[in-house]
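Enquirer: Give me the fold of what follows.
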Amino acid sequence: MEVLVATKKSLSQQPIPAAAIEVKVISTVEPPRVIFRGKTAADGTSVVRCTIPAFREGTAAVIISAQSPIGNDEVKQLVKRKK
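Expert: So this is what the prediction gives:
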């Protein structure tokens, strides 16, 4: 998986440098796993490259979270098994 994460202040839309980025996979059958940790660059972006673990049953979701001194946010996306 490759995703470009961009962090911005909500009102001014200015970038947020050095925000902590974490990508976690949660599942109905396995414990949560952190598959990426990093920080945003000076322009407020981070290229996230990681592998989503294979799962045989149940459902799973990827959670991308960002944390900075001015606040936190996250995005969740369900993932499906390849058949």
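
Enquirer: Residue 11: what's it in contact with?
Expert: Contacts for residue 11 (Cβ atoms under 8 Å, 6 or more residues apart in numbering) come out as none. No exception for glycine: its C-beta is placed from N, CA and C like everyone else's.

Enquirer: Next one: it from residue 45, what distance?
Expert: Here residue 11 is placed at a distance of 19 Å from residue 45 (Cβ to Cβ, to the nearest Å).

Enquirer: What of residue 78?
Expert: Counting by Cβ to Cβ, the gap from residue 78 to residue 45 is 25 Å.

Enquirer: check contacts around the closest residue to residue 56 other than its chain neighbours.
Expert: Once flanking residues are discounted, residue 56 sits nearest to residue 81: 7.4 Å by Cβ to Cβ, 6 or more residues apart in numbering. Applying Cβ under 8 Å, 6+ apart, we find residue 81 in contact with 54, 55, 56.

Enquirer: Residue 61 too?
Expert: Each residue near residue 61 by Cβ under 8 Å, 6+ apart is listed here: 25, 26, 27, 76, 77, 78, 79.

Enquirer: Strand partners (parallel or antiparallel) of the helix or strand the fourth one falls within?
Expert: If I follow you right, that is residue 76. Following DSSP states H and E, one finds residue 76 within strand 71-79. Paired neighbours of strand 71-79 in the sheet (DSSP bridges): strand 60-68 (antiparallel).
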